[in-house]
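Chemist: Model the structure of this input:
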Amino acid sequence: MTTATAEAPPTAEPMSHRQILEALTGLLLGMFVAILSSTIVTNALPTILTDLHGGESAYTWVVTSTLLATTATTPIWGKLADLTSKKTLVQIALVIYVAGSAVAGLSQNIGELIAARTIQGIGVGGLTALAQVIMAAMISPRERGRYSGYLGAVFAVATVSGPLIGGVIVDTDWLGWRWCFYVGVPIAALALFVLQKTLHLPVIKRKVTIDYLGATLVTAAVSLLLIWVSLAGSQFDWISWQTAVMVPGALVLGGLFVRVESRAAEPIIPLQLFKNRTVLLATVASLFVGVALFGASVFLSQYFQIARGESPTASGLLTLPMIGGLFLSSTISGKIISSTGRWKRFLVAGAFLVTAGFALMGTARAETPYWHLAIFMAVIGIGLGMTMQNLVLAVQNTVKTSELGTSSSTVAFFRSLGGAVGVSALGAVLGHRVTDYLADGLRAIGVDSVGSGDGSLPDLSTLPAPIRSIVMDSYGHAAGDVFLVAAPFALLAFIAVLFIREVALRSSIGDTPAPAVAVAAPVEEEPVLVATHAATGAPEEQAAPVSTLPRRGVRHPGRHEAGRHEATRRGARRKAEHELQ
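Modeler: Just a heads-up that it's a prediction; the model follows:
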């Protein structure tokens, strides 16, 4: 048992729009470098692996190591956010990220690079979890939709522009691939400075117990699962003794984690959260959105570079429709949600568009007209803009203030888990389909076999015209298959979203969560409130002087009790009118 500081639920007057924007600037900068670090290496990997003499397994692990560390540490950061200073935590996460980035840029071999990327991932896990938590501590759910749009826009730009920035860096001779890691350092340093100056949250002290055993078990379970998904199909067969050891091992560790969490005083992931229908369904939806988003979008640059013969820089530019769609939809939907308090319609529409977009991208081939692809990518981007941040918003609106960090990080955790699994699993699908299509194409021109390759992108300029055409067609067809495989995962997210019950967004940061079926409460004061006291049976006005309190702060246990109170009030008013007459 230790004493730690933690931000109290805000009791002072709300922050102004200007104050919120100033504080958000540092958060958004931190979020930008966090997402950028996961995507910027996409187009630079072939050059990096050639320089550091990496092979096929290294190709997977340079990407997966960051996702693994991010996924495993996200719930830990989220729990710490409920126990200690959120501002201090986000600054620590930024420092860890800067350290990992510096080491990655200085790496002299693949082992050092993978280790540095793991350090980066720990910092990214903190930034991913804490951005939403700090927003929830500053902004009421009703207003949060407006500002979540900014977060969604930053996510869009960082996710899709990462490959573009990486391609430009690689194509610029006087920079080189090491600047893919250095470029985020000054942005992170600026974020640290801005946060120190603008982020001011109330702090209290309380005794806490940190669940170290639970943190260890969840990290071990997730790590073992992701290692298996990353290596199966490439380093060993899916059905092998390694699989027989890793999969049951991950399940056993997961079972132990659940047992420990059910008894821990301060669990990393409180199991009672999943008794909340909204939390459960939003978590499931986030998992499948992560599989579709990260798993498929990572391979967009490969599609444009190999199937269409574009340069790394051009490959990034060609994904602009997705950036634009995500940016506009997240911003516009956020403002509408803040003005109306209604969010489910956007979740449903967004999940449907993501499903439709991936299904349409499943028709992609090497010769597909680009304007078709632009429409398909825009549909995906619009859907993601309506979905990702609003899933977190729905969860935050239904949990207690003391559980904001844990609940927000749980949604982010499962989204990252889905992304890590998606990158590995869909990467295996891409590899197998490319091999099959290449074998068929080469056999058709009299070549009986094809080399296994080393995991790097082939250099189309060095291939004879007939072989180059077959390679481009094979990658184009295989990429379409990857998007088609991702579509059912998006469909599962859509189904989960359909069953989430909408609760009108609260207008106060510290309000008690509304019931499953929300009834908007008037804000005005009532001069007289007569109701039966639950314990004494006496009129409420005699039991407690609550009649002059604003109804906003009154907790309504449920629809039936609220109706009973309303009927009592109407009866009291009729009686008063009769006496006056």
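
Chemist: Dump stretch 94-113 to CSV, restricted to CA.
Modeler: Extracted C-alpha coordinates of stretch 94-113, given in CSV (Å, rounded to 0.1, in the frame of the first residue of the first chain):
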residue,chain,number,x,y,z
LEU,A,94,6.9,11.1,-24.0
VAL,A,95,10.4,10.7,-22.4
ILE,A,96,10.3,6.9,-23.0
TYR,A,97,9.3,7.5,-26.6
VAL,A,98,12.1,10.0,-27.2
ALA,A,99,14.6,7.5,-25.7
GLY,A,100,13.4,4.7,-27.8
SER,A,101,13.4,6.8,-31.0
ALA,A,102,17.0,8.0,-30.4
VAL,A,103,18.2,4.4,-29.9
ALA,A,104,16.3,3.2,-32.9
GLY,A,105,18.0,5.9,-35.1
LEU,A,106,21.4,4.9,-33.8
SER,A,107,20.9,1.1,-34.3
GLN,A,108,23.7,-0.8,-35.9
ASN,A,109,21.9,-4.1,-36.4
ILE,A,110,18.4,-5.6,-36.5
GLY,A,111,18.5,-6.8,-32.8
GLU,A,112,19.2,-3.3,-31.6
LEU,A,113,16.5,-1.8,-33.8
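
Chemist: Looking only at it, what residues are buried by neighbour count?
Modeler: 94, 96-101, 103-105, 107, 110, 113 (16 or more other C-beta atoms under 10 Å). Bear in mind the C-beta positions are built from the backbone N, C-alpha and C, glycine included.

Chemist: Quick check: of the residues you listed, which lies closest to residue 83?
Modeler: When the buried residues of stretch 94-113 are compared for distance to residue 83 (C-beta to C-beta), residue 96 wins out at 18.2 Å.

Chemist: can you list the weak-confidence ranges in the stretch 301-450 of the chain?
Modeler: For the stretch 301-450 of the chain, applying pLDDT under 70 flags the ranges 447-450.

Chemist: can you give me the helices for it?
Modeler: 312-317, 320-340, 344-361, 370-396, 404-444 (DSSP state H, counting those that start in this stretch).

Chemist: what's the closest of those helices to residue 197?
Modeler: Between residue 197 and those, the tightest spacing by C-beta to C-beta is seen for helix 404-444, at 23.1 Å.

Chemist: quick one: contacts of the one helix or strand residue 186 maps to?
Modeler: Per DSSP states H and E, residue 186 falls inside helix 184-198. Helix 184-198 has contacts (C-beta atoms under 8 Å, 6 or more residues apart in numbering) with 19, 22-23, 25-27, 29-30, 32-33, 36-37, 40, 87, 90-91, 94-95, 97-98, 101-102.

Chemist: cutoff 6 Å now
Modeler: For helix 184-198, the external contacting residues (C-beta atoms under 6 Å, 6 or more residues apart in numbering) are 22-23, 25-26, 29-30, 33, 36-37, 91, 94, 97-98, 101.

Chemist: Name the residues of it that are buried.
Modeler: 184-185, 187-188, 190-192, 194-195, 198.

Chemist: ok, so of those, who is nearest residue 240?
Modeler: Of all the buried residues of helix 184-198, residue 184 has the smallest distance to residue 240: 38.1 Å, by C-beta to C-beta.

Chemist: about what we covered before: now mean neighbour count too, for the helices of the stretch 301-450 of the chain, in JSON lines please.
Modeler: Output for the helices of the stretch 301-450 of the chain, formatted as JSON lines (neighbours: other C-beta atoms under 10 Å):
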{"stretch": "helix 312-317", "mean neighbour count": "21"}
{"stretch": "helix 320-340", "mean neighbour count": "21"}
{"stretch": "helix 344-361", "mean neighbour count": "23"}
{"stretch": "helix 370-396", "mean neighbour count": "25"}
{"stretch": "helix 404-444", "mean neighbour count": "23"}
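
Chemist: picking that back up, Serialize the buried residues of stretch 94-113 to JSON lines and add fields for secondary structure.
Modeler: Converted to JSON lines, the buried residues of stretch 94-113 look like this (DSSP: H, G, I helix; E, B strand; the rest coil):
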{"residue": "94", "secondary structure": "helix"}
{"residue": "96", "secondary structure": "helix"}
{"residue": "97", "secondary structure": "helix"}
{"residue": "98", "secondary structure": "helix"}
{"residue": "99", "secondary structure": "helix"}
{"residue": "100", "secondary structure": "helix"}
{"residue": "101", "secondary structure": "helix"}
{"residue": "103", "secondary structure": "helix"}
{"residue": "104", "secondary structure": "helix"}
{"residue": "105", "secondary structure": "helix"}
{"residue": "107", "secondary structure": "coil"}
{"residue": "110", "secondary structure": "helix"}
{"residue": "113", "secondary structure": "helix"}
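
Chemist: Which entry within those residues corresponds to the minimum pLDDT?
Modeler: Minimum pLDDT for the buried residues of stretch 94-113 is recorded at residue 110 (83).

Chemist: ok, so what distance separates it from residue 50?
Modeler: Using C-beta to C-beta, to the nearest Å, we find residue 110 at a distance of 11 Å from residue 50.

Chemist: ok, residue 244 - how many residues close by?
Modeler: A total of 10 residues lie near residue 244 under the criterion other C-beta atoms under 10 Å.

Chemist: Pretty sure it sits in a strand.
Modeler: No: counting by three-state DSSP, residue 244 is located in no strand; its state is helix.

Chemist: first to last residue in stretch 291-307, what's the distance?
Modeler: 23 Å (C-alpha to C-alpha, to the nearest Å).

Chemist: Could you give the separation of that stretch from the chain centroid?
Modeler: 18 Å (C-alpha atoms, centre = their mean, to the nearest Å).
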